[in-house]
Structure formats: structure tokens, C-alpha cells
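A.B. asks: predicted model and sequence below, questions to follow.
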Amino acid sequence: MEQHHISVMISEEEIEKRVCELAAQISSDFAGETVKLICILKGSAFFACELAKRITVPVMLDFMQVSSYGSGTVSSGTVQIKKDLDEPLKDENVIIVEDIIDSGNTLSRLVPMLQERGPKDLRICTLLSKPERREVEIDVAYNGFEIPDKFVVGYGLDYDQHYRNLPYVGVIESE
Ligand code: PRP
Ligand code: MN
Ligand code: MG
């Protein structure tokens, strides 16, 4: 692939500091309990693992992959599950971990589906949020950074499947 010039929007150090803060908040909110982090593949993989390592209460991890629909089919009201969780959520403290919330359509459909499985608690944690892009209101318990409406890559976020492994969040500069 052609190489793009990518400028840093949020540095590795800033992300690490914020991940630590979010992990501390979660650890305090769930003191004495166990939390299950649900990593929404693929974008959330890096963030979910870094977050999990810094949470001090017992953590379980499970993984799910859903398809995002184009705007034309969003009205169908469901997400297609490409990979479901391995274990049930019944009576568990569940935190859905996302890399970014954009329109909010993915989570607005996923949350009710997971709620039906009877978790004790269900919250959302996202590294990034683009409030300007929101089409559906999403209740986010743990929000890393609110960012402007720019195309971002890195720390799990891709451009055509590339750049997920960048240790920072960057913006692709137009050539
Ligand atoms: C991205 C992102 C979120 C979702 C957010 O995933 O990781 O899961 O889109 O968009 P929304 O708020 O508009 O629904 P994507 O579908 O690109 O898959 P990926 O994580 O595998 O890159
Ligand atoms: Mn994703
Ligand atoms: Mg993507």
C-alpha cells in the first residue's frame, strides 16, 4: 500500500495516561466485584488489552465481531454477528469496550442484544468518541477522548485494515 503521512493527534503517552485513569475508575466502581470486558473486534483489540492489564479487580475477557452496515441499511435495526461471545453474560458486570463511537449505530443495536442476555450491569467504555457524528444517542460510562470529525488511525483503528498497530492515534494527511 502507498504510505501516507500521518500526524499525531493523541500521543502514546497521553493515551497511556488516559487508559490508566479509565482503568482506575473502573476498578473503583467495581471494587470487590469481577468485570467482564467485551472487546469488539477488530478495532478495540489494542485498547481492550491495555485497559484490562491496568484494572485491579478480577477481569474476564470475551470477544465479539459485528458487521457495520452502510447508512442505507442502518434502518434494518440489527447488527450482524460475525463472531459471537464464547460465554454467557448472565448476572455479570459487563463492559463493552470500543475503540471509537462514530454514528453510534453499532452500539445502539448491540446494547439491547446483550441486555437480553441478562447481565447484572452493562456499560460502555470507549477510547475515542466523535460527538459531531452521532446519529443515535449513546450512554457512555467511560470515555477516553472526545475528538473532532477527522479520519483517525492507530491504536486499533484502521485505514483499509492498515495502521492498526501504530502506538498513537493519528490523522492521515491528504496528499
Ligand atoms: C468501527 C469502530 C466501531 C464502529 C463505530 O468498526 O471500531 O466498532 O466502527 O462506528 P459507529 O458508531 O458509526 O457504529 P469497523 O466497522 O470499522 O470495524 P473494525 O473495528 O474491524 O475496524
Ligand atoms: Mn470496530
Ligand atoms: Mg474499521
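C.D. replies: Everything's here; your move. What you are looking at is a predicted structure, and each value in this text was computed from that prediction instead of being measured. Ligands and ions are numbered 1, 2, ... in the order given.
A.B. asks: can you list contacts of the longest helix along the chain?
C.D. replies: In the chain, with assignment by DSSP state H, the single longest helix is helix 12-29. Applying Cβ atoms under 8 Å, 6 or more residues apart in numbering, the external contacts of helix 12-29 come out as 35, 47, 50-51, 54-57, 95, 125, 127, 142, 144-145, 155, 167-169. Quick note: C-beta positions are derived from backbone N, CA and C, even for glycine.
A.B. asks: please repeat the previous calculation with a cut-off of 6 Å.
C.D. replies: With contacts defined as Cβ atoms under 6 Å, 6 or more residues apart in numbering, helix 12-29 is touched by 50-51, 54-57, 142, 144, 167-168.
A.B. asks: all strands of the chain, in order?
C.D. replies: 6-10, 35-41, 59-67, 80-83, 93-101, 121-129, 142-146, 152-153, 169-172 (DSSP state E).
A.B. asks: now those strands as TSV including mean pLDDT?
C.D. replies: Shown next, in TSV, are the strands of the chain (pLDDT from 0 to 100):
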stretch	mean pLDDT
strand 6-10	98
strand 35-41	98
strand 59-67	97
strand 80-83	96
strand 93-101	99
strand 121-129	98
strand 142-146	98
strand 152-153	98
strand 169-172	97
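A.B. asks: make JSON lines out of those strands and add distance to His162 and mean neighbour count.
C.D. replies: JSON lines is the format used below for the strands of the chain (distance: least, Cβ to Cβ, whole Å; neighbours: other Cβ atoms under 10 Å):
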{"stretch": "strand 6-10", "distance to His162": "10", "mean neighbour count": "16"}
{"stretch": "strand 35-41", "distance to His162": "16", "mean neighbour count": "22"}
{"stretch": "strand 59-67", "distance to His162": "18", "mean neighbour count": "16"}
{"stretch": "strand 80-83", "distance to His162": "20", "mean neighbour count": "11"}
{"stretch": "strand 93-101", "distance to His162": "15", "mean neighbour count": "24"}
{"stretch": "strand 121-129", "distance to His162": "18", "mean neighbour count": "22"}
{"stretch": "strand 142-146", "distance to His162": "22", "mean neighbour count": "18"}
{"stretch": "strand 152-153", "distance to His162": "8", "mean neighbour count": "23"}
{"stretch": "strand 169-172", "distance to His162": "10", "mean neighbour count": "21"}
